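> Sequence first, then the predicted structure, then my questions.
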Amino acid sequence: MSSTVAKQAELYSGKAKTVFTTDDDGLLILHFRNDTSAFDGEKLDQLDRKGKVNNQFNAFIMGKLEEAGISTHFERLLSEDESLVRRLDMIPVECVVRNIATGSMCKRLGVEDGIDLNPPTFEFFLKNDAMHDPMINEYHIETFGWATREEVAEMKEITFKVNEILSKLFADASLLLIDFKLEFGRHADGLLLGDEFTPDGCRLWDADTRERMDKDRFRRGLGGVVEAYEEVARRLGVDLVTAA
Ligand code: TMP
Ligand code: ASP
(Lines give C-alpha, C1' and ligand atoms only; values in the text may rest on other atoms or scores of the structure.)
(Ligands and ions follow the chains in the order given, each with its own letter.)
Protein backbone atom coordinates (compact mmCIF):
# COMPACT_ATOMS: atom_id res chain seq x y z
CA MET A 1 0.00 0.00 0.00
CA SER A 2 1.29 3.45 -0.84
CA SER A 3 1.91 5.73 2.12
CA THR A 4 0.21 8.72 0.54
CA VAL A 5 -3.20 8.61 -1.06
CA ALA A 6 -4.84 11.25 -3.23
CA LYS A 7 -8.48 12.09 -2.60
CA GLN A 8 -10.55 11.79 -5.77
CA ALA A 9 -14.32 11.93 -6.29
CA GLU A 10 -17.14 12.01 -3.76
CA LEU A 11 -18.62 8.52 -3.76
CA TYR A 12 -21.45 8.94 -1.30
CA SER A 13 -22.65 11.43 1.27
CA GLY A 14 -24.52 10.09 4.30
CA LYS A 15 -26.12 11.97 7.18
CA ALA A 16 -22.87 12.54 9.09
CA LYS A 17 -20.02 11.36 6.85
CA THR A 18 -18.94 11.79 3.23
CA VAL A 19 -17.03 9.01 1.49
CA PHE A 20 -14.40 9.76 -1.18
CA THR A 21 -12.59 7.47 -3.60
CA THR A 22 -8.79 7.64 -3.76
CA ASP A 23 -6.13 6.81 -6.32
CA ASP A 24 -6.03 3.36 -4.70
CA ASP A 25 -9.07 1.35 -5.74
CA GLY A 26 -9.14 -0.54 -2.46
CA LEU A 27 -9.10 2.50 -0.18
CA LEU A 28 -11.67 5.16 0.66
CA ILE A 29 -11.55 8.36 2.68
CA LEU A 30 -14.19 9.02 5.34
CA HIS A 31 -14.83 12.68 6.08
CA PHE A 32 -16.61 13.11 9.42
CA ARG A 33 -18.82 16.21 9.16
CA ASN A 34 -20.38 18.34 11.88
CA ASP A 35 -23.84 17.41 10.60
CA THR A 36 -25.91 15.60 13.19
CA SER A 37 -29.18 13.87 12.54
CA ALA A 38 -31.73 11.92 14.50
CA PHE A 39 -35.02 10.16 13.86
CA ASP A 40 -33.91 9.04 10.39
CA GLY A 41 -32.92 12.50 9.30
CA GLU A 42 -36.02 14.35 10.64
CA LYS A 43 -33.98 16.37 13.17
CA LEU A 44 -30.83 17.98 11.75
CA ASP A 45 -28.19 20.34 13.08
CA GLN A 46 -24.55 21.33 12.77
CA LEU A 47 -22.49 20.89 15.92
CA ASP A 48 -19.10 22.60 16.14
CA ARG A 49 -16.12 20.21 16.47
CA LYS A 50 -18.28 17.06 16.21
CA GLY A 51 -16.64 15.87 12.97
CA LYS A 52 -13.16 16.15 14.42
CA VAL A 53 -14.10 14.59 17.75
CA ASN A 54 -15.90 11.66 16.13
CA ASN A 55 -13.12 11.01 13.61
CA GLN A 56 -10.49 10.80 16.33
CA PHE A 57 -12.77 8.93 18.73
CA ASN A 58 -13.49 6.37 16.02
CA ALA A 59 -9.77 5.94 15.25
CA PHE A 60 -9.11 5.29 18.95
CA ILE A 61 -11.89 2.70 19.28
CA MET A 62 -11.03 0.94 16.00
CA GLY A 63 -7.42 0.71 17.21
CA LYS A 64 -8.52 -0.82 20.52
CA LEU A 65 -10.71 -3.33 18.68
CA GLU A 66 -7.88 -4.30 16.30
CA GLU A 67 -5.61 -4.79 19.33
CA ALA A 68 -8.22 -7.11 20.78
CA GLY A 69 -8.38 -9.18 17.58
CA ILE A 70 -11.36 -7.64 15.74
CA SER A 71 -10.74 -7.07 11.99
CA THR A 72 -11.91 -3.64 10.88
CA HIS A 73 -11.78 -1.53 7.73
CA PHE A 74 -9.78 1.18 9.53
CA GLU A 75 -6.32 2.02 8.12
CA ARG A 76 -5.24 5.32 9.65
CA LEU A 77 -6.07 8.91 10.50
CA LEU A 78 -5.40 11.33 7.63
CA SER A 79 -6.35 14.61 9.27
CA GLU A 80 -8.41 15.94 12.17
CA ASP A 81 -11.65 15.01 10.44
CA GLU A 82 -10.65 12.40 7.84
CA SER A 83 -9.66 8.73 7.99
CA LEU A 84 -8.46 6.18 5.46
CA VAL A 85 -10.42 2.92 5.35
CA ARG A 86 -10.52 -0.20 3.21
CA ARG A 87 -13.32 -0.33 0.64
CA LEU A 88 -16.00 -2.86 1.64
CA ASP A 89 -19.09 -4.27 0.03
CA MET A 90 -21.43 -3.13 2.79
CA ILE A 91 -24.15 -5.38 4.18
CA PRO A 92 -27.32 -3.20 4.57
CA VAL A 93 -28.04 -4.48 8.05
CA GLU A 94 -27.43 -2.84 11.45
CA CYS A 95 -26.36 -5.06 14.34
CA VAL A 96 -27.44 -3.78 17.77
CA VAL A 97 -26.46 -5.20 21.16
CA ARG A 98 -28.18 -3.90 24.30
CA ASN A 99 -26.92 -4.22 27.86
CA ILE A 100 -29.54 -1.95 29.43
CA ALA A 101 -33.05 -1.33 28.10
CA THR A 102 -33.76 2.11 26.64
CA GLY A 103 -34.64 3.72 23.32
CA SER A 104 -36.68 1.91 20.70
CA MET A 105 -36.77 -1.37 22.62
CA CYS A 106 -38.73 0.19 25.48
CA LYS A 107 -41.26 1.71 23.07
CA ARG A 108 -41.55 -1.52 21.10
CA LEU A 109 -41.81 -3.99 23.99
CA GLY A 110 -43.04 -1.84 26.88
CA VAL A 111 -40.11 -2.85 29.09
CA GLU A 112 -38.99 -0.49 31.83
CA ASP A 113 -36.33 2.04 30.83
CA GLY A 114 -32.98 1.46 32.55
CA ILE A 115 -33.28 -2.21 33.53
CA ASP A 116 -30.29 -4.51 33.09
CA LEU A 117 -30.56 -6.99 30.22
CA ASN A 118 -29.02 -10.27 31.26
CA PRO A 119 -27.87 -11.77 29.01
CA PRO A 120 -27.36 -8.77 26.70
CA THR A 121 -29.81 -8.91 23.83
CA PHE A 122 -29.32 -8.58 20.08
CA GLU A 123 -31.41 -7.02 17.29
CA PHE A 124 -31.03 -6.63 13.54
CA PHE A 125 -32.35 -3.57 11.69
CA LEU A 126 -32.57 -2.92 7.97
CA LYS A 127 -30.50 0.11 6.96
CA ASN A 128 -33.23 2.05 5.19
CA ASP A 129 -34.16 5.57 6.36
CA ALA A 130 -37.24 5.77 4.11
CA MET A 131 -38.59 2.68 5.90
CA HIS A 132 -37.37 4.03 9.31
CA ASP A 133 -34.81 1.22 9.75
CA PRO A 134 -37.34 -1.54 10.52
CA MET A 135 -36.37 -4.36 12.85
CA ILE A 136 -35.76 -7.57 10.88
CA ASN A 137 -34.84 -11.14 11.75
CA GLU A 138 -32.29 -13.64 10.47
CA TYR A 139 -34.79 -15.27 8.13
CA HIS A 140 -35.51 -11.93 6.41
CA ILE A 141 -31.79 -11.38 5.95
CA GLU A 142 -31.33 -14.76 4.30
CA THR A 143 -34.57 -14.75 2.28
CA PHE A 144 -33.99 -11.31 0.80
CA GLY A 145 -30.30 -12.00 0.20
CA TRP A 146 -28.94 -9.14 2.35
CA ALA A 147 -26.40 -11.59 3.83
CA THR A 148 -25.81 -15.33 4.03
CA ARG A 149 -26.55 -17.48 7.06
CA GLU A 150 -22.80 -17.74 7.70
CA GLU A 151 -22.39 -13.95 7.54
CA VAL A 152 -25.31 -13.52 9.96
CA ALA A 153 -23.65 -15.89 12.44
CA GLU A 154 -20.34 -14.09 12.08
CA MET A 155 -21.89 -10.62 12.52
CA LYS A 156 -23.57 -11.73 15.75
CA GLU A 157 -20.40 -13.35 17.09
CA ILE A 158 -18.23 -10.31 16.33
CA THR A 159 -20.82 -7.86 17.70
CA PHE A 160 -21.02 -9.73 21.03
CA LYS A 161 -17.21 -9.84 21.17
CA VAL A 162 -17.07 -6.08 20.55
CA ASN A 163 -19.58 -5.69 23.39
CA GLU A 164 -17.27 -7.54 25.79
CA ILE A 165 -14.19 -5.56 24.75
CA LEU A 166 -15.84 -2.14 24.80
CA SER A 167 -18.00 -2.66 27.90
CA LYS A 168 -14.74 -3.22 29.80
CA LEU A 169 -12.99 -0.28 28.12
CA PHE A 170 -15.84 2.10 28.98
CA ALA A 171 -16.31 0.66 32.48
CA ASP A 172 -12.69 1.52 33.22
CA ALA A 173 -13.61 5.11 32.34
CA SER A 174 -16.67 5.06 34.65
CA LEU A 175 -19.06 4.77 31.71
CA LEU A 176 -21.80 2.23 31.04
CA LEU A 177 -22.06 0.96 27.47
CA ILE A 178 -25.84 0.80 27.23
CA ASP A 179 -26.21 -0.25 23.58
CA PHE A 180 -24.56 0.27 20.19
CA LYS A 181 -24.92 -0.33 16.48
CA LEU A 182 -22.35 -1.90 14.16
CA GLU A 183 -22.22 -2.34 10.40
CA PHE A 184 -20.18 -4.90 8.50
CA GLY A 185 -18.92 -5.31 4.94
CA ARG A 186 -17.30 -7.90 2.74
CA HIS A 187 -13.61 -7.72 1.81
CA ALA A 188 -11.26 -10.17 0.10
CA ASP A 189 -9.84 -10.75 3.61
CA GLY A 190 -13.30 -11.70 4.97
CA LEU A 191 -16.04 -9.90 6.87
CA LEU A 192 -14.74 -6.65 8.37
CA LEU A 193 -16.24 -4.19 10.83
CA GLY A 194 -17.05 -1.06 8.81
CA ASP A 195 -18.67 2.35 9.30
CA GLU A 196 -17.80 3.93 12.68
CA PHE A 197 -17.96 3.56 16.44
CA THR A 198 -18.67 6.96 18.00
CA PRO A 199 -21.15 8.41 20.52
CA ASP A 200 -23.43 9.02 17.50
CA GLY A 201 -24.12 5.29 17.24
CA CYS A 202 -24.03 4.08 20.81
CA ARG A 203 -25.38 5.00 24.23
CA LEU A 204 -23.04 5.79 27.10
CA TRP A 205 -24.14 6.75 30.61
CA ASP A 206 -22.00 8.03 33.44
CA ALA A 207 -21.64 5.01 35.73
CA ASP A 208 -22.45 7.00 38.89
CA THR A 209 -25.02 9.58 37.84
CA ARG A 210 -26.44 7.74 34.77
CA GLU A 211 -26.19 11.03 32.90
CA ARG A 212 -26.44 10.53 29.15
CA MET A 213 -23.14 11.19 27.35
CA ASP A 214 -24.13 10.27 23.76
CA LYS A 215 -26.39 11.32 20.88
CA ASP A 216 -29.48 11.01 23.10
CA ARG A 217 -28.45 14.51 24.31
CA PHE A 218 -29.18 15.71 20.77
CA ARG A 219 -32.28 13.53 20.26
CA ARG A 220 -33.76 14.86 23.53
CA GLY A 221 -32.58 18.47 23.16
CA LEU A 222 -30.49 18.29 26.35
CA GLY A 223 -27.61 20.42 24.98
CA GLY A 224 -23.92 19.94 25.65
CA VAL A 225 -23.72 17.25 22.97
CA VAL A 226 -20.13 17.67 21.74
CA GLU A 227 -19.00 18.59 25.26
CA ALA A 228 -20.27 15.18 26.43
CA TYR A 229 -18.46 13.42 23.55
CA GLU A 230 -15.27 15.29 24.51
CA GLU A 231 -15.68 14.25 28.14
CA VAL A 232 -16.03 10.61 27.09
CA ALA A 233 -12.90 10.96 24.93
CA ARG A 234 -11.00 12.60 27.80
CA ARG A 235 -11.92 9.80 30.20
CA LEU A 236 -10.76 7.17 27.70
CA GLY A 237 -7.49 8.99 27.13
CA VAL A 238 -8.14 9.91 23.48
CA ASP A 239 -5.62 12.56 22.46
CA LEU A 240 -8.00 14.97 20.68
CA VAL A 241 -6.64 17.47 18.17
CA THR A 242 -9.45 19.86 17.35
CA ALA A 243 -7.75 23.10 16.34
CA ALA A 244 -9.71 25.16 13.81
P1 TMP B 1 -32.55 2.38 19.17
O2 TMP B 1 -32.83 2.32 20.64
O3 TMP B 1 -32.99 3.65 18.52
O4 TMP B 1 -33.04 1.15 18.43
O5 TMP B 1 -30.96 2.39 19.00
C6 TMP B 1 -30.15 1.37 19.56
C7 TMP B 1 -28.70 1.75 19.42
O8 TMP B 1 -28.27 1.70 18.07
C9 TMP B 1 -28.39 3.18 19.87
O10 TMP B 1 -27.11 3.17 20.50
C11 TMP B 1 -28.33 3.99 18.60
C12 TMP B 1 -27.90 2.97 17.59
N13 TMP B 1 -28.50 3.18 16.27
C14 TMP B 1 -27.87 3.96 15.34
O15 TMP B 1 -26.80 4.49 15.59
N16 TMP B 1 -28.45 4.15 14.12
C17 TMP B 1 -29.61 3.57 13.78
O18 TMP B 1 -30.07 3.78 12.66
C19 TMP B 1 -30.27 2.72 14.75
C20 TMP B 1 -31.57 2.05 14.44
C21 TMP B 1 -29.68 2.57 15.98
N1 ASP C 1 -28.82 7.72 12.87
C2 ASP C 1 -30.24 7.83 12.59
C3 ASP C 1 -30.55 9.24 12.11
O4 ASP C 1 -29.72 10.06 12.03
C5 ASP C 1 -31.10 7.42 13.74
C6 ASP C 1 -30.80 8.10 15.04
O7 ASP C 1 -29.67 8.17 15.44
O8 ASP C 1 -31.75 8.55 15.72
O9 ASP C 1 -31.62 9.63 11.77
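Ah, there it is. Ligands and ions are numbered 1, 2, ... in the order given.
> Let me know the pLDDT of Asp40.
Asp40 is assigned 88 on the pLDDT scale.
> For it, give me phi and psi.
For Asp40, the backbone dihedrals (degrees, to the nearest 10) come out as phi 60, psi 40.
> can you tell me which residues contact the residue nearest to it when sequence neighbours are not counted?
Of all residues not flanking Asp40 in the chain, Asp129 sits nearest, at 4.4 Å (Cβ to Cβ, 6 or more residues apart in numbering). Yep, even glycine has a C-beta here, placed from its N, CA and C like the rest. Asp129 makes contacts with Lys15, Asp40, Gly41, as judged by Cβ atoms under 8 Å, 6 or more residues apart in numbering.
> Same list, those, but as a markdown table with distance to Lys52 and neighbour count please.
Converted to a markdown table, the contacts of Asp129 look like this (distance: Cβ to Cβ, whole Å; neighbours: other Cβ atoms under 10 Å):
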| residue | distance to Lys52 | neighbour count |
| --- | --- | --- |
| Lys15 | 17 | 14 |
| Asp40 | 25 | 13 |
| Gly41 | 22 | 12 |
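> where are the low-confidence patches of this protein?
Across the chain, the ranges flagged by pLDDT under 70 are 1-2, 243-244.
> show me where it has helices.
Here the chain has its helices, by DSSP state H, at 50-67, 104-109, 138-143, 149-171, 216-219, 225-236.
> The first one to helix 225-236, inter-axis angle?
Meaning helix 50-67. Helix 50-67 and helix 225-236 are oriented at 30 degrees to each other (axes from the mean of the first three to the mean of the last three Cα atoms, to 10 degrees).
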